[in-house]
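S.K.: Give me coordinates for this.
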Amino acid sequence: MPHRCYERTDANQLFFVLARSDPDPKTPPGKAFTAFAVEGDTPGIIRGKKEINLGQRCSDTRGVTFEDVRVPAANVIGAPGEGFKVAMKTFDKTRPLVAALATGLSARCLDEAAKYALERKTFGTQIANHQAIQFILADMAVNVELARLMTYRSAHEVDQKRPGSYYASLAKLFASDSANLAATNAVQVFGGAGYNTEYPVEKLLRDAKIFQIYEGTSQVQRMVVARQLLSRVKTTGGY
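M.R.: Residues are numbered from 1 along each chain as shown. Predicted coordinates for the structure are as follows:
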């Protein structure tokens, strides 16, 4: 039976696949899936056409169909039925990476907006002299620094091999939301010029959106943070 998923490049040599291994519909999702490492040249893997994305178009995204793909037992990651657990532990390591990417985009937005504010003049003065623009830039700077610190903290938790779901989700949530706000504000500082391709901020706006989606949406991150927070308070009696 064919199964379809999406990849980010047509040159993948190895796929991480989370597949249902227990046919019993009553089996909880947390125990019904197994993780596999699937070689990219395995017979039955069919790559679709390249998708046209809103942003990050250098990423070669295309659908992948698995049809009667056979995988050796040696390619099972973890134990059968523990695929969900494997995926969640992987997210603890990949979400800080997304946070780092989002923080970098925020910093680029701030850099572009600040430089433009010093170049663009209205009513005989640089727009950087207008308090409204200064407040936008100041808020952007605050969020860049906070996102950077939260990303460092989440990466530190990974380095220390501590369970990092809480800090990984905090960093990914804040950094990705901040990146989208930074890109929106950068376009606002540029005004009409920011809405066309003459300047890079329109691309940054398009590129930022995916940070709120992959490795778990911002809504999922809020769920993880809330559950971890409440569990901590319930266990220790306080934050």
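S.K.: Please list all residues in contact with the residue most central in space within the chain.
M.R.: Geometric centre of the chain, nearest residue: residue 211, 3.7 Å, by CA atoms, centre = their mean. By CB atoms under 8 Å, 6 or more residues apart in numbering, the contact set of residue 211 is 98, 101-102, 105, 172, 175-176, 179-180. Quick note: C-beta positions are derived from backbone N, CA and C, even for glycine.
S.K.: Can you tell me which of those end up in strands?
M.R.: Among these, DSSP state E puts none in strands.
S.K.: Among these, which one has the most neighbours?
M.R.: Counting neighbours by other CB atoms under 10 Å, residue 172 comes out on top of the contacts of residue 211 with 35 neighbours.
S.K.: Average pLDDT for the helix or strand harbouring residue 91, rounded please.
M.R.: Assigned by DSSP states H and E, residue 91 falls within helix 83-119. Helix 83-119 comes out with an average pLDDT of 97.
S.K.: just stretch 140-157 next, same as before
M.R.: 98.
S.K.: swap in stretch 198-215?
M.R.: Stretch 198-215 comes out with an average pLDDT of 98.
S.K.: Identify the residues contacting residue 100.
M.R.: Contact analysis of residue 100 by CB under 8 Å, 6+ apart lists 151, 155, 175.
S.K.: can you put these in a markdown table and add distance to residue 142?
M.R.: Output for these, formatted as a markdown table (distance: CB to CB, whole Å):
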| residue | distance to residue 142 |
| --- | --- |
| 151 | 15 |
| 155 | 21 |
| 175 | 13 |
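S.K.: quick check, nearest of the residues you listed to residue 76?
M.R.: When those are compared for distance to residue 76 (CB to CB), residue 155 wins out at 28.7 Å.
S.K.: my guess is that closest one meets residue 95, correct?
M.R.: No: assessed by CB atoms under 8 Å, residue 155 is found out of contact with residue 95, at 10.2 Å.
S.K.: if you count what's nearby, which of these two comes out ahead?
M.R.: Neighbour tally, residue 155 and residue 95, criterion other CB under 10 Å: the higher count belongs to residue 95, 29 against 19.
S.K.: roughly how far apart are that one and residue 54?
M.R.: Distance of residue 95 to residue 54, computed by CB to CB, to the nearest Å: 21 Å.
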